[in-house]
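Novice: predicted coordinates and the sequence they were generated for:
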Amino acid sequence: MSVNRRQFLKIAGVSTVLGLGGATVLNGLKRGGLEATQLSPDPRALTAKRWGFVVDVSKLKTEADYQRCIDACHNIHNVPDHGNPKDEVKWIWKDTYEHTFPTTTESEFMNKELKEKNFLLLCNHCDEPACVRVCPTQATFKRKDGIVMQDMHRCIGCRFCMAACPFGARSFNYRDPRPKIKIENKEFPTRMIGVVEKCTFCYERIAKGLPPACAEASNGAIVFGDLEDPNSEARKIIASKFTVRRKPELGTQPSIYYVIGGHENA
Amino acid sequence: MYNGGKIIVGLVVFIALFAFPFYYNIGKAMEKPEPKTDTPAILQWEKEHGKKECVESKEFMRSEHMQLLNDWRDSVVRNGDRIYTNAAGKQFTMSLQNTCMNCHSNKKEFCDKCHNYMAVKPYCWGCHIQPKENKS
């Protein structure tokens, strides 16, 4: 059988690649490091392409409704309560209409009830997060499922992310948080002095197949779902009702939607 | 040599002081650290499975646990992969607080024994909550 030049080059090329590749693989195994196949996701984990919340403001009626969501989050995540606004650490909180939608044009005769209402605020888990772009150590990063995560092991406390975040969703530990934790959850770590922290979309609960704690405690006011899935409950609400996001003009594409209204006339 | 006597006396005093830790400890061997693996959880496991075993072999854990913990951390925090399959095919949830310390609930008698001996100070416990132990 005669081999022409074209066939010879093909065989030579393939065997070179195999030879080089094989050697690398063998060397890698000899190191005794962990192999990628040893690590796998929990089969119970909830998956999505882009997680998001839809918050129905009309369903949060009393102070207790807000506090229930806030406590549910802060208690399981060992969020300290320093008791003063300067050192405050918050993952989820409430604020006025003016502070929530400062750039939305408010009308002279707008609904008084709405104008005086509090809104439930948290990290927006933006699709184009400004905090991730400025982090010098990649301590904050965007996961494949859209959650903007904070890796406390890498945070050097430079606070660039706090300056970058247009929503004030990040808190710095100016003081040691340990003594100020009211109820200690033994299953979740605390933070230490000098790192930035924020809402993590309950990544540890999603990994176990549980909904985020605030959504669970909200009695249906917070619906969470995959914003990339047109059939998810969250997307259906967004498609059927009028929703707003905080500061959309900044182009960070927040993943938290607010349903305004909900009254008979709305 | 000017002031020879003073210099020599000074040198002798200096060397005697400098070498003090060495001759003070001559003949005294530092006690070898022996981390204890006799917590209720481990004894229970031994009763059920017939032997004490960790997520990997004792030898591997002794020499590589720091690398293993680093890999676990990166996998869980950065990739969201939380299940570890060991060499024998058994699966574990990767969690320092909820898996490692669940069995090794005696941090003082286990972690600290060797870490103090080797004078290493891992900063795990600045954030991760260590199990409650009797202070003695």
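Specialist: Yep, it's here.

Novice: next, residue B:64: phi, psi?
Specialist: Reported as degrees, to the nearest 10, the phi and psi values for residue B:64 are phi -120, psi 10.

Novice: give me the neighbour count for it.
Specialist: For residue B:64, the neighbour count with other C-beta atoms under 10 Å in any protein chain shown is 17. C-beta: built from backbone N, CA, C; applies to glycine.

Novice: so residue A:95, which of the three states?
Specialist: strand (DSSP: H, G, I helix; E, B strand; the rest coil).

Novice: stretch B:49-61: end-to-end distance?
Specialist: Terminal residues of stretch B:49-61 are spaced 19 Å apart (C-alpha to C-alpha, to the nearest Å).

Novice: swap that for stretch A:131-148, sorry
Specialist: End-to-end distance for stretch A:131-148, by C-alpha to C-alpha: 9 Å.

Novice: just stretch A:216-226 next, same as before
Specialist: Using C-alpha to C-alpha, the gap from the first to the last residue of stretch A:216-226 comes to 16 Å.

Novice: same question for stretch A:242-257.
Specialist: The distance separating the two terminal residues of stretch A:242-257, taken as C-alpha to C-alpha, comes to 10 Å.

Novice: what does it contact?
Specialist: Contacts with stretch A:242-257, where a contact means C-beta atoms under 8 Å, 6 or more residues apart in numbering or on different chains, come from A:50-55, A:100-104, A:121-122, A:124-130, A:146, A:166-167, A:227, A:234, A:237-238, A:258-261, A:266.

Novice: quick one: buried ones out of those residues?
Specialist: The neighbour-count test (16 or more other C-beta atoms under 10 Å in any protein chain shown) marks A:50-55, A:100-101, A:121-122, A:124-127, A:129-130, A:146, A:166-167, A:227, A:234, A:237-238, A:258-260 as buried among the contacts of stretch A:242-257.

Novice: out of those, list just those in helices.
Specialist: Under the assignment DSSP state H, these contribute A:100, A:130, A:234, A:237, A:238 to helices.

Novice: dump these to JSON lines, plus pLDDT and distance to residue A:173.
Specialist: Rendered in JSON lines, the data for these read as follows (pLDDT from 0 to 100; distance: C-beta to C-beta, whole Å):
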{"residue": "A:100", "pLDDT": "90", "distance to residue A:173": "25"}
{"residue": "A:130", "pLDDT": "96", "distance to residue A:173": "21"}
{"residue": "A:234", "pLDDT": "94", "distance to residue A:173": "32"}
{"residue": "A:237", "pLDDT": "93", "distance to residue A:173": "36"}
{"residue": "A:238", "pLDDT": "93", "distance to residue A:173": "35"}
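
Novice: filter those residues by proximity to chain B?
Specialist: Intersecting these with the surroundings of chain B, defined as C-beta under 8 Å from any C-beta of the partner chain, gives nothing.

Novice: now, the most widely separated pair of these?
Specialist: Taking C-beta to C-beta as the measure, these reach their widest spread between A:130 and A:237, a distance of 26.4 Å.

Novice: cross the buried ones among the contacts of stretch A:242-257 against strands and list the overlap.
Specialist: Residues from these lying in strands, with DSSP state E as the criterion: A:51, A:52, A:53, A:54, A:55, A:121, A:122, A:258, A:259.
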